[in-house]
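*Asks:* quick one: sequence and predicted model below, then my questions.
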Amino acid sequence: MIELKQTSKTYEVNGKKVEAVKDVSLTIEKGEVFGVIGYSGAGKSTLIRCVNLLEKPTSGEVFINGVSLTTLSKQDLQKTRRKIGMIFQGYNLLKTATVYENIAIPLKLEGIDKETIQKRAEKYLEIVGLSDKVNHYPSQLSGGQKQRVAIARALAHEPEILLSDEATSALDPETTEAILELLLKINRELGLTIFLITHELNVVQRICDRVAVMENGRVVEEGKVVDIFTHPQHPTTKRFIGSESAFNLPEALKTEYRKTGKLVSLYFKGSEKSNEPALAMVSRKFDVLPSILAGGIEQLKNETLGKLLVHLRGDKEAYEEAIGYLESEGVIVEEWK
Ligand SMILES: Nc1ncnc2c1ncn2[C@@H]1O[C@H](COP(=O)(O)OP(=O)(O)OP(=O)(O)O)[C@@H](O)[C@H]1O
C-alpha cells in the first residue's frame, strides 16, 4: 500500500521557486492499478519519483505499507526500495550487456547468489515472453522487447510495487496494447500493485482501477476509472475524456437537435444486466422519441462500457421522466450542456 500525505515538491531555479507537486494526498491499495494522468508539466514525473524517494518531498510524507520513508535510515530506505520496482519510457537498459546480464547484474549487486539469479532471470524472462532472447543485446531488440526486458529486470527483484513512468509512451499502438496486457497479467497473476503515470487516456482506460488527474502540481480529480469516464467533473478531465467531442457531432447539428429535445450520452456497464431494452421502453412509457446518433464500446480493466449518443425528442417534463427511468434501470446518463 502506498500513501502520499500532503506531499509537495518545490524546486528552486535561478532563485525562482517552481512548485512541481503541491499538497498531493493519495492512497493506493495493495493489488491496485492506479494511474496519474496529466498534460506535460503537470508534475507527474516528480510525483512518481517521490514514491521511492528518488525525489525527496519538500514537505509531506510518503508511506509504504504504513512505514514513513522520510524517517528511515539510509540502510532501511534501501531495503524498502527493494520492494519497489520501476520502469521508464526510455527503458534504461545497459547497452553493452545482454538481456540476461541486464537482469543479472543488478541482482548480483544486491548480493543474490548465482543460482537464484539464474532461476529468477529464466522465470521472469518467460513471464515477459522473451526466453529466446537471453543472449541478445538491447540494440538487437524492438522497443516493445526492450520494455519487456526492463519489466523482467524489475520483476526479478520480486517487488510488491511497480512504478511505471510513461512506460508505453515511446511505443506504437499495437506494442502499447501488448505491454498493457503484460502489465495486467503481472497485476493479476503476481498481485503486484502498479502505480503509473501517463499522458495517454488509453493506458488509464485499459488497465487502471482508479485514476487521479493532475494539473499544475495538484490532483484536480480522482476516482474509479468507470466513474471518471462517465462523469468527468473537472474541465481538464473532460478534455482528456473528450466525452462530447468523441462523437464528433458538428455544431450545426447539435443546434438543430437541441431545438426539438436534448442530447445525452448514455453509458451501459457490461457487467450489469443488459440495458438495451431500457432505451426501447422509453418511447413506450413516455412521450419521448429516442434516436441513436452514434455509439461504441470501450474496454475498461474489469468491464466493458457501452456508450450511446442519443437525441431524446420531447418536452422537458417527458424528458425528465425518461431520464429518471433510464437511471433507475442502471443506465448512466450524461446530459450535453
Ligand atoms: N529537477 C528539476 N528542477 C527544476 N524544475 C523541475 C525539475 N523537475 C521538474 N521541474 C519542473 O516541475 C514541473 C513539473 O515537471 P514534471 O516533469 O514533474 O511534469 P510531468 O507532468 O511529468 O511532465 P512531462 O510529462 O513533460 O515530463 C515543471 O514545471 C518542470 O519544469
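*Replies:* Sure thing, it's come through.
*Asks:* tally of neighbours for Thr237?
*Replies:* Applying other CB atoms under 10 Å, we find 22 residues neighbouring Thr237. The way it works is simple: take the backbone N, C-alpha and C, and place the C-beta from them, glycine included.
*Asks:* and it, how far is that from the ligand?
*Replies:* Distance, Thr237 to the ligand, by CB to the nearest ligand atom, to the nearest Å: 15 Å.
*Asks:* any idea which element that residue lies in?
*Replies:* Here Thr237 sits within helix 235-241, counting by DSSP states H and E.
*Asks:* residue contacts, the residue sitting furthest away from the middle of the chain?
*Replies:* Residue farthest from the centre of the chain, counting by CA atoms, centre = their mean, is Asp287 at 41.5 Å. Going by CB atoms under 8 Å, 6 or more residues apart in numbering, Asp287 touches Gly314, Asp315, Ala318.
*Asks:* need these in CSV (columns: neighbour count and distance to Cys50).
*Replies:* CSV is the format used below for the contacts of Asp287 (neighbours: other CB atoms under 10 Å; distance: CB to CB, whole Å):
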residue, neighbour count, distance to Cys50
Gly314, 20, 52
Asp315, 11, 54
Ala318, 18, 53
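*Asks:* nearest to the ligand among the residues you listed?
*Replies:* Gly314 (44.9 Å; CB to the nearest ligand atom).
*Asks:* any idea how far the residue lying closest to that closest one once chain neighbours are set aside lies from the ligand?
*Replies:* Spatial nearest neighbour of Gly314, chain neighbours left out: Val288 (3.7 Å); criterion: CB to CB, 6 or more residues apart in numbering. Per CB to the nearest ligand atom, Val288 is found 44 Å from the ligand.
*Asks:* and Val288, what is it in contact with?
*Replies:* Val288 makes contact with Gly261, Val282, Leu312, Arg313, Gly314, Ala318, Tyr319, Glu321, Ala322, according to CB under 8 Å, 6+ apart.
*Asks:* in strands, which of those residues fall?
*Replies:* Under the assignment DSSP state E, the contacts of Val288 contribute Gly261, Leu312, Arg313 to strands.
*Asks:* going by neighbour count, which of those residues comes out on top?
*Replies:* Ranking the ones in strands among the contacts of Val288 using other CB under 10 Å puts Leu312 first, with 26 neighbours.
*Asks:* bridged to it, which residues?
*Replies:* When bridges are called by DSSP bridges, Leu312 pairs up with Lys262, Pro290.
*Asks:* per-residue confidence for it?
*Replies:* Listed pLDDT for Leu312 reads 93.
*Asks:* list the contacts for it?
*Replies:* Gly261, Lys262, Leu263, Val264, Val282, Val288, Leu289, Pro290, Tyr319, Ala322, Ile323.
*Asks:* filter the ones in strands among the contacts of Val288 by proximity to the ligand?
*Replies:* By CB under 6 Å from any ligand atom, no member of the ones in strands among the contacts of Val288 lies near the ligand.
*Asks:* quick one: which of these is nearest Leu93?
*Replies:* Leu93 has its nearest neighbour among these in Leu312, at 54.7 Å by CB to CB.
*Asks:* give me phi/psi at the residue of the stretch 101-250 of the chain found nearest the ligand?
*Replies:* Taking CB to the nearest ligand atom as the measure, the point where the stretch 101-250 of the chain comes nearest the ligand is His199, at 5.9 Å. Backbone geometry at His199, expressed as degrees, to the nearest 10, gives phi -110, psi 10.
*Asks:* can I assume it is in contact with Gly35?
*Replies:* No - at 10.6 Å, His199 and Gly35 do not qualify as touching, with contact defined as CB atoms under 8 Å.
*Asks:* so between the two, which is more surrounded?
*Replies:* Gly35 (26 against 16).
*Asks:* what about the more buried one, which SS state?
*Replies:* strand (DSSP: H, G, I helix; E, B strand; the rest coil).
*Asks:* show me which residues of the helix-or-strand element of the chain with minimal mean pLDDT are buried.
*Replies:* Least confident helix or strand, the chain: helix 276-285 with a mean of 84, by mean pLDDT, DSSP states H and E. Buried positions in helix 276-285, judged by neighbour count with 16 or more other CB atoms under 10 Å: Ala278, Leu279, Val282, Ser283.
*Asks:* who touches the second one in this structure?
*Replies:* Meaning Leu279. Applying CB under 8 Å, 6+ apart, we find Leu279 in contact with Leu266, Pro290, Ile292, Leu308, Val310, Leu326, Val331.
*Asks:* give me that answer again for 6 Å
*Replies:* Contacts for Leu279 were tallied using CB atoms under 6 Å, 6 or more residues apart in numbering; they are Pro290.
*Asks:* any figure for the gap between it and Phe195?
*Replies:* 38 Å (CB to CB, to the nearest Å).
*Asks:* what residues does the stretch 151-300 of the chain put near the ligand?
*Replies:* Counting by CB under 6 Å from any ligand atom, the stretch 151-300 of the chain sits next to the ligand at His199.
*Asks:* for the chain, what spans make up the helices?
*Replies:* Under the criterion DSSP state H, helices of the chain are mapped to 44-51, 74-81, 99-109, 114-127, 143-155, 173-190, 201-207, 225-230, 235-241, 251-260, 276-285, 316-328.
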